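Participant: Fold the following for me, if possible:
(2 chains)
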Amino acid sequence: MCAYMWAPPFSAVSTMELLSDQGLRVDGRRAHELRNVECRLGVFGRADGSAYLEQGNTRVLATVYGPHEARAAQRRHDVASINCQYRQAVFSGWERGRRAGGGGDRRAQELGALLQNTLESVVLVELYPRSQIDVYVQVLQADGGTYATCVNAATLALIDAGVALRDYVCACSASVLRDQPLVDLNSLETSGAPELTAALLPRSGRLPLLEMSQRFHVDKLGELLDVAETACRDVHTILNRAVRRHVSARSSEK
Amino acid sequence: MSQGSSAGSPGEAICVVPGDCLCAADDKHVAGKGTIERSGYIYSCLVGRVYTQQQEDKTELVEVRTGQEQNIVPTAGSVVTAKVTYVNPRFLRCEILCIGETVLKHKFRGMLKKEDVRATERDKVKMYECFRPGDVILAKVVSLGDALSYVLSTAENELGVALAHSEAGALMVPLSWAEMRCPLTQARELRKVAKIPPEDVAFRLARSADRRPRRRLSPGATGPLLSIQHTADQPEVQAVA
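Facilitator: Predicted coordinates:
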């Protein structure tokens, strides 16, 4: 295994160590287990909606502004346009300032566009013609599965903003290691195994996003998708519980 | 989860999240605000509480209310309150501040063309004799307009300038449908004045009891003041201001 800059300095991580003979992963989880999820809604007063989400050591902040009047270039007469910006803080990775670039970063732009596609499938854009919804996601700490965490955080922020949504959109990463499917990879596992990120609309079962970092064997893909879908449903359960808790806390304040 | 549960009776309110199924979309239930109808069922698309409302045609309107401010956009026919930002001989531009009674969080841009200022003698309109920058106007949305702004119209007696400041900076008093007077300098200025129907005379008189000059009044508060305009050109008008 080559140790490239994303991997920690001590690693010549072998596939063997990523999954022990007892079926435990480097951080002690079983193959199908998610990392610990913590989230808060409405963290900023200024934004129309905001959310902070932790999945293990991956920490993401998402803010939503709008729907507001769109800029002329972005305006679409029949639907709302969604403007997404993905940013990774310079201090978020293993090495300061490397790879984790600002807005000019190619990868950040790509992920922003990908996030926009994902959200367009879930926001009821036809309810807000000629307006624009800005979604800004900021990765504060990157420990694998950043994109999936960003999708989840953006969903929470949109819900907090009161934007009409078809459903939740929940995302999770998955991989396969020694014939064993893994979910919710951390950065060690990301560097040691190919990664698949799937986003799911849990109620309708639609998959608005499927991204692979490397090639998988086609025989594995079906199984991997099933595992990723189950993980997304688990994420949905957790997010749903958090949203309901937030709403009941908000209504009891009044 | 409230999946599959029916919408509550008016007394109770179930908490729902986006994607929750509320009820079947049959001939008794109609999808209202905050909901979406899909493949024969009504689903929630907001976080909030479910309310049902009996309608005249014996159907129930199913709604999800968030309890927060709703994001509304101007539609054709809605009356808006706007502040004039720019005037030229052909049109003016303004910022839409309120739609009906709702104060907007985000401003929208509006445009009022010379032809839409009044219903009669439309070709003789001079923009500078009807509006000045800074005036607060009531207008009706004609159409969604071009890509840049909503197209407005003031071609009704009830529409036009609601609040205007004179060159001396004082809030002016309407004299007729076309004139306003500055209470400080007595100078007359031309405006296309809105005839605002009297709604809360008592409220307005109570506010004017203390004589502190008020530069910024909400448009509703000036209603009765402006309603005096058509009673004529009398000194009492000034006393009220």
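
Participant: Please count neighbours and contacts with C-alpha atoms only from this point.
Facilitator: Will do.

Participant: which parts of chain A sit against chain B?
Facilitator: Counting by Cα under 8 Å from any Cα of the partner chain, chain A comes close to chain B at A:67-69, A:72, A:75, A:77, A:128, A:159, A:162-168, A:203, A:240, A:243-244, A:247.

Participant: 7 Å instead, please
Facilitator: On the criterion Cα under 7 Å from any Cα of the partner chain, chain B has as its neighbours in chain A the residues A:68, A:69, A:72, A:159, A:162, A:163, A:164, A:165, A:166, A:167, A:168, A:203.

Participant: Can you tell me the SS state at the first one?
Facilitator: Spelled out, it's residue A:68. State at residue A:68, reduced to three classes by DSSP: H, G, I helix; E, B strand; the rest coil: strand.

Participant: residues contacting the residue of chain B found nearest chain A?
Facilitator: Using Cα to the nearest Cα, the point where chain B gets nearest to chain A is residue B:19, with a distance of 4.1 Å. With contact set as Cα atoms under 7 Å, 6 or more residues apart in numbering or on different chains, residue B:19 has these partners: A:166, A:167, A:168, A:203, B:43, B:44, B:45.

Participant: circling back to that earlier point, could you identify the most distant pair in the residues of chain A next to chain B?
Facilitator: Spanning the widest gap among the residues of chain A next to chain B are A:72 and A:203, at 35.1 Å by Cα to Cα.

Participant: neighbour count winner among these two?
Facilitator: residue A:203 (17 against 12; other Cα atoms under 10 Å in any protein chain shown).

Participant: Helices of the stretch 1-150 of chain A, residue ranges please.
Facilitator: Under the criterion DSSP state H, counting those that start in this stretch, helices of the stretch 1-150 of chain A are mapped to A:15-18, A:106-120, A:146-161.

Participant: pLDDT value on residue 70, please?
Facilitator: Defaulting to chain A. For residue A:70, the pLDDT comes out at 81.

Participant: Chain B is the one I meant
Facilitator: At residue B:70, pLDDT is 57.

Participant: Could you say which helix or strand holds the residue in the stretch 51-200 of chain A that chain B sits nearest to?
Facilitator: Taking Cα to the nearest Cα, chain B has its nearest neighbour within the stretch 51-200 of chain A at residue A:167, 4.1 Å off. Here residue A:167 sits in a region with no helix or strand, counting by DSSP states H and E.

Participant: now the nearest residue to residue A:61 once chain neighbours are set aside, which residues is it bridged with?
Facilitator: Of all residues beyond its chain neighbours, the one nearest residue A:61 is residue A:52 (4.6 Å), with distances taken as Cα to Cα, 6 or more residues apart in numbering or on different chains. Residue A:52 has the following beta-bridge partners by DSSP bridges: residue A:40, residue A:61.

Participant: how about residue A:52, what does it touch?
Facilitator: Residues counted as contacts of residue A:52 (Cα under 7 Å, 6+ apart) are A:39, A:40, A:41, A:60, A:61, A:62, A:153.

Participant: Quick check: residues of chain B near chain A?
Facilitator: Residues of chain B lying close to chain A by Cα under 7 Å from any Cα are B:18, B:19, B:34, B:45, B:46, B:47, B:106, B:108, B:147, B:148.

Participant: thought the fifth one was touching residue A:166?
Facilitator: No - using Cα atoms under 7 Å, residue B:46 and residue A:166 do not qualify as a contacting pair, with a distance of 8.6 Å.

Participant: Could you verify that the residue of chain B closest to chain A is part of a helix?
Facilitator: No - assessed by three-state DSSP, residue B:19 does not belong to a helix; its assignment is coil.

Participant: Around the closest residue to it other than its chain neighbours, how many other residues sit close by?
Facilitator: Counting by Cα to Cα, 6+ apart, residue A:167 is the residue found nearest to residue B:19 once chain neighbours are left out, at 4.1 Å. The burial metric for residue A:167, expressed as a neighbour count using other Cα under 10 Å, is 25.

Participant: Which per-residue confidence value corresponds to residue A:167?
Facilitator: Predicted confidence (pLDDT) for residue A:167: 93.

Participant: which residues touch it?
Facilitator: Counting by Cα under 7 Å, 6+ apart, residue A:167 touches A:122, A:201, A:203, B:18, B:19, B:45.

Participant: give the contact list for the last one.
Facilitator: Okay, so that is residue B:45. Contact partners of residue B:45, counting by Cα under 7 Å, 6+ apart, are A:164, A:165, A:166, A:167, B:17, B:18, B:19, B:34, B:35, B:36.

Participant: Good, wrapping up.
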